[in-house]
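Novice: just need the structure, nothing else, for what follows:
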Amino acid sequence: MIRILLADDEPIALDRLELAVAGIPDAELVAKARNGKEALTLIRELKPDIAVLDIQMPVKDGFAAIAELKPGEHLPEIIFVTAYQEHAVRAFEVHAVDYLLKPVSFERFREAVRLARARLEARAAEVRFDELQHLIASLQAAGNPENASNYEREFWVRTRDGIVRVAVETIDAITAEGDYVLLHAGGRSHLLKDTISSLATRLDPAVHLRVHRSTIVNLKQVTSLHRRGPKGMSLTLASGADHAIGPNYVETVLKVVNARRWR
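Specialist: Modelled structure (predicted):
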């Protein structure tokens with residue numbers, strides 16, 4: 001049984017999230033909070049597996065609540081929800097377990113819980129805490145031009161013969177590969193021990209944008225956007241590689257490339 005805490009100051013939104021939890025087998029709603037301060041107290045008292053937090057709440061918002069958690073304290077997997085697209089654009093770059101826009105569909109909520117369950121099974125608490133701190137730091141630093149110089153400029157990748165340097169500007173795309181990522185650059189792919197979530201906080205989002213939970217692409221290499229099935233979309237790079245755009249990333253991609261969704 002996976003234990004879930006919900007936090008939202010809007011009663012209707014909270015009721016909808018409660019219905020979403022009720023529709024998931026082996027999921028238990030352990031508590032509901034109306035602000036970040038209550039959520040933080042309940043996280044410490046009840047130690048839920050997952051905390052679903054609205055970003056904008058009175059007293060203490062979702063980011064402020066988790067920022068107060070200290071090493072050694074219980075850290076649930078975090079799913080953010082919000083009604084505001086502008087928050088999504090920032091958070092997509094640092095991606096927690098998942099980030100949902102209101103009104104949250106039951107299908108998307110189930111998928112977010114599935115991802116959280118998988119992370120709970122696969123990752124140690126120390127690793128999750130470190131990733132969450134990266135997320136908090138990145139969100140707090142967003143919009144500060146002084147931080148532009150802190151983005152990664154190169155990676156050193158191990159090979160059978162030694163190590164090779166991969167300049168960030170040469171990377172066309174980055175894709176998840178289990179506990180590793182593949183850096184696709186100059187017609188070659190380099191295996192690096194890292195995660196998409198971590199890289200999304202360390203690369204300049206004006207150049208390398210996360211377009212899927214498992215993909216980051218170089219915007220300078222995007223040549224076209226395409227339909228992908230009845231509702232999906234994909235993009236093509238100058239190399240000819242085609243990458244799916246995650247459903248929650250479509251609006252972000254269209255906004256960044258200054259394109260309009262066609263009918």
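
Novice: mean confidence (pLDDT) on stretch 114-130, please.
Specialist: What stretch 114-130 shows for mean pLDDT is 71.

Novice: how close does Thr170 sit to His243?
Specialist: 17 Å (C-beta to C-beta, to the nearest Å). From N, CA and C alone the C-beta is placed, and that goes for glycine too.

Novice: between those two, which is the more surrounded one?
Specialist: Applying other C-beta atoms under 10 Å to Thr170 and His243 shows that His243 carries more neighbours, namely 21 against 14.

Novice: what about the helices in this structure?
Specialist: For the chain, the helices defined by DSSP state H cover 11-22, 36-46, 62-67, 85-92, 106-122, 125-141, 196-202, 250-256.

Novice: mind telling me which of the ones you listed the model trusts least?
Specialist: Note on those: lowest mean pLDDT is at helix 85-92, with a mean of 50.

Novice: now Gly232: closest residue in space, sequence neighbours ignored.
Specialist: Ala244 (6.6 Å; C-beta to C-beta, 6 or more residues apart in numbering).

Novice: wait, what's in contact with that neighbour?
Specialist: Taking C-beta atoms under 8 Å, 6 or more residues apart in numbering, we find Ala244 in contact with His212, Thr215, Arg228, Gly232, Met233, Ser234.

Novice: equivalent analysis for His190, please.
Specialist: So His190 contacts Phe155, Val157, Thr159, Val164, Val166, Leu182, Leu183 (C-beta under 8 Å, 6+ apart).

Novice: what about 10 Å?
Specialist: 155-159, 164, 166, 171, 174, 180-184 (C-beta atoms under 10 Å, 6 or more residues apart in numbering).

Novice: beta partners of it?
Specialist: Leu183 (DSSP bridges).

Novice: before we move on, back to that, just the buried ones among the contacts of His190, please.
Specialist: Phe155, Val157, Val166, Ile171, Ile174, Val181, Leu183, His184 (16 or more other C-beta atoms under 10 Å).

Novice: just put those in CSV and tack on distance to Ile50.
Specialist: Formatted as CSV, these follow (distance: C-beta to C-beta, whole Å):
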residue, distance to Ile50
Phe155, 32
Val157, 34
Val166, 36
Ile171, 33
Ile174, 27
Val181, 25
Leu183, 31
His184, 33
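
Novice: thanks again, I'm all set now.
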